[in-house]
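In: what's the 3D shape of this:
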Amino acid sequence: MNVDLDRLREERLRSIDTKENSIPFLRRGIRRYKQLSTTNSQWKVFGYFLERFFSRGRSAIASRLMKLRSWSRRGGGWLLGGDREDALTYAIRITGGLGDALIIARLARDLQAELGPVPFDVYFQSPETVEPFFRAIPGFRGCTDIDAFPAAVAQYSFVLLANQFVTFSKEHLKSQLLSRKAPKVLELVAHTERARKSIEMYIAVHPALDGAFADIVAPQGRKRHTYLHDMIGLCYRGDALDIPVDPQLPPQLGLDVGKYITVHDGWDTKARLMSDRPMKALPQQTWKEIVAEIKAKRPDIQIVQLGGATGGDIEGVDVNLKKKLTFLQSVSVLSESLLHIDTESGLVHVAASLGVRSVVAFGPTNVDWFCYPQNVNVRPKLCGNCWWVTDSWLDVCAAGHPVPVCTSRDSISPAEIASRALEAIDLNARYVSGCEKAGSVAGAIRAF
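Out: Residues are numbered from 1 along each chain as shown. Here you go, the predicted model:
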């Protein structure tokens, strides 16, 4: 049975308790259990929640072990956190996915441009993966598993809690030290407090009303990749981020630099799903047809598949590097791509940071909120934008369809994706030709 999404949005706003994050997993878990039970057997849902319960338990044990370990001293300072009581250091605790971490790396870059090379640490669920995003930022010391955060937090001069929003931890703000050594931080704290007054409801229940928040601010011209800067009061210094890449890797893999594009069918490995594929994934048949259409028109262009453990192998690609490269190696391949084709995923944010244009197929997520203006952003013709209308939006179609219509071929045509990709490739090729005639630096070709 199909459901009116506008009605669901209204019900969502009425039903979410702004105090629910005092027991978030219980309240959210109950809602999620009810939603998943409508399309899955009770035993399957029970097994899913049992696995999540044990996962939370493992995380809690790991956090406790980190805390015990941090009590040992090393060279007069804590194993984790700041070195001395009067040392100016800070931490950024990141929750979310790969794209969130990259957006927050830009925030750290621009914060350091204001503060200077103040030592800072990052805490994230996959520290090794996102460490390269921060590596070139002055003052960056390291990226640590988020389970270590509770053990180390008291040692910092201030702490940023960053996801779709950014806030300063009031409990860990050494105001006297900051007033002496970094008064700019106190200005940013004041700006953030003013900004959060009108949106406190959405911050309190994050991520439950993230979709509702995006529906309000996106029509005002706000974008996901710049909003944190707006909230904290920093100037956004652009999408480009200094991520270490190996320009020799693509040729070593047999790729012809300047004559290949990349495709990606995948999603966050930390997302625990009951379904085989999330609602925002394109059907594998769609991917097959996109590749076939491009190859029929441009057989000279290599099509290279990137990706990790999630997603499927795309039939017809010239080179399949899925599960064959490290993440940083995949970034190196992406950096030399003529064009990247994807759904709304973390690699789209990486591509933007590298100056690589993307064709992005949107489904459940808000196009106006998540899009980069330089990309080819393909809107669904049917339904769409049900992100966080329900707690199970990634697992089950919020509108009640057995198969999501927003990413179906009637909504997102393989022919349209291929056609718009070919246009972008042609535009890029003409731009490259113009740069070469003018003697411009080849690395600037993707800045159009």
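In: show me what contacts the residue positioned nearest the centre of the chain?
Out: What sits nearest the mean C-alpha location of the chain, by Cα atoms, centre = their mean, is Gly99, with 1.8 Å. Listed by Cβ atoms under 8 Å, 6 or more residues apart in numbering, the contact partners of Gly99 are Ser345, Gly346, Val348, His349. To be clear about C-beta, it is placed using only N, CA and C from the backbone, and glycine gets the same treatment.
In: A helix includes the third one, no?
Out: Yes - secondary structure of Val348 (DSSP: H, G, I helix; E, B strand; the rest coil): part of a helix.
In: wouldn't it be in contact with Val360 here?
Out: Yes - with contact defined as Cβ atoms under 8 Å, Val348 reaches Val360; the gap is 5.5 Å.
In: before we move on, the earlier item: which secondary structure state does the residue nearest to the centre of the chain sit in?
Out: Three-state call for Gly99 (three-state DSSP): helix.
In: gap between it and Gly266?
Out: Distance from Gly99 to Gly266, counting by Cβ to Cβ, to the nearest Å: 13 Å.
In: Please enumerate the shared neighbours of these two.
Out: Ser345.
In: still on that earlier bit, how close does the residue nearest to the centre of the chain get to Lys184?
Out: 28 Å.
In: And for Leu234?
Out: Taking Cβ to Cβ, one finds Leu234 at 10 Å from Lys184.
In: Can you list the residue ranges for strands in the protein?
Out: 73-74, 77-78, 90-94, 120-124, 140-145, 158-162, 166-168, 260-264, 302-306, 319-320, 340-343, 358-361, 376-378 (DSSP state E).
In: now the longest one against strand 120-124, angle please.
Out: Going back to what we said before, that points to strand 140-145. Strand 140-145 and strand 120-124 are oriented at 20 degrees to each other (axes from the mean of the first three to the mean of the last three Cα atoms, to 10 degrees).
In: Likewise for the third one?
Out: Regarding strand 90-94 and strand 120-124, their directions subtend 20 degrees when assessed with the same axes, to 10 degrees.
In: list the contacts for the nearest residue to Leu249 once chain neighbours are set aside?
Out: Using Cβ to Cβ, 6 or more residues apart in numbering and skipping residues adjacent in sequence, the residue nearest Leu249 is Ser332, 4.4 Å away. Contacts for Ser332 (Cβ under 8 Å, 6+ apart) come out as Val245, Asp246, Pro247, Leu249, Pro250.
In: Ser332 and Pro244: what is the separation?
Out: 9 Å.
In: got it, and Met274?
Out: The gap separating Met274 from Pro244 is 37 Å, by Cβ to Cβ.
In: more neighbours, those two?
Out: A count of neighbours by other Cβ atoms under 10 Å puts Met274 above the other of Met274 and Pro244, at 17 against 12.
In: How much space separates the more buried one from Phe140?
Out: Distance from Met274 to Phe140, by Cβ to Cβ: 37 Å.
In: ditto for His229
Out: As for His229, its distance to Phe140 is 18 Å (criterion: Cβ to Cβ).
In: Tell me where the model's unsure across this protein.
Out: In the predicted model of the chain, residues 1-2, 19-84, 271-272, 429-448 satisfy pLDDT under 70.
In: Helices along the stretch 51-200 of the chain, start to end?
Out: Here the stretch 51-200 of the chain has its helices, by DSSP state H, counting those that start in this stretch, at 98-115, 127-134, 149-152, 175-181, 183-196, 200-204.
In: among those, which is nearest Lys270?
Out: Checking the helices of the stretch 51-200 of the chain against Lys270 by Cβ to Cβ gives helix 98-115 as the closest, at 9.2 Å.
In: That closest one to strand 90-94, inter-axis angle?
Out: Using the same axes, to 10 degrees: helix 98-115 against strand 90-94 is 160 degrees.
In: Which positions within helix 98-115 qualify as buried?
Out: Neighbour counts over helix 98-115 (16 or more other Cβ atoms under 10 Å) mark 98-112, 115 as buried.
In: How about stretch 176-191?
Out: The neighbour-count check on stretch 176-191 (16+ other Cβ under 10 Å) flags Leu177, Leu178, Lys181, Ala182, Val185, Leu188, Val189 as buried.
In: Of those, which is the nearest to Arg379?
Out: Among those, and counting by Cβ to Cβ, the member closest to Arg379 is Leu188, at 35.3 Å.
In: What backbone torsions are found at Glu344?
Out: phi -70, psi 100 (degrees, to the nearest 10).
In: residues touching it, list them.
Out: Neighbours of Glu344 in contact, by Cβ under 8 Å, 6+ apart: Lys280, Val360, Ala361, Phe362, Gly363, Thr365, Phe370.
In: Quick check on those: which are buried?
Out: Lys280, Val360, Ala361, Phe362, Gly363, Thr365, Phe370.
In: Once you drop chain neighbours, what's closest to the first one?
Out: Excluding the flanking residues, the one nearest Lys280 by Cβ to Cβ, 6+ apart is Gly363, at 4.7 Å.
In: List just the nearest of the buried residues of helix 98-115 to Gln305.
Out: When the buried residues of helix 98-115 are compared for distance to Gln305 (Cβ to Cβ), Leu98 wins out at 17.6 Å.
In: Would you mind measuring from the closest one to Thr269?
Out: 9 Å.
In: Tell me how far Pro278 lies from Gly311.
Out: Distance, Pro278 to Gly311, by Cβ to Cβ: 10 Å.
In: same check, this time on Ile303
Out: Separation of Ile303 from Gly311 (Cβ to Cβ): 15 Å.
In: Please apply the same query to Trp393.
Out: 19 Å.
In: circling back to that earlier point, residue contacts, the residue nearest to Lys280?
Out: Neighbouring residues of Gly363 by Cβ under 8 Å, 6+ apart: Met279, Lys280, Leu282, Thr343, Glu344, Pro380, Gly384, Pro404, Cys406, Thr407, Ser411, Ile412.
In: if we go to 7 Å?
Out: Gly363 sits next to Met279, Lys280, Thr343, Pro380, Gly384, Pro404, Cys406, Thr407 when contact means Cβ atoms under 7 Å, 6 or more residues apart in numbering.
In: Before I go, just wanted to say thanks for your time.
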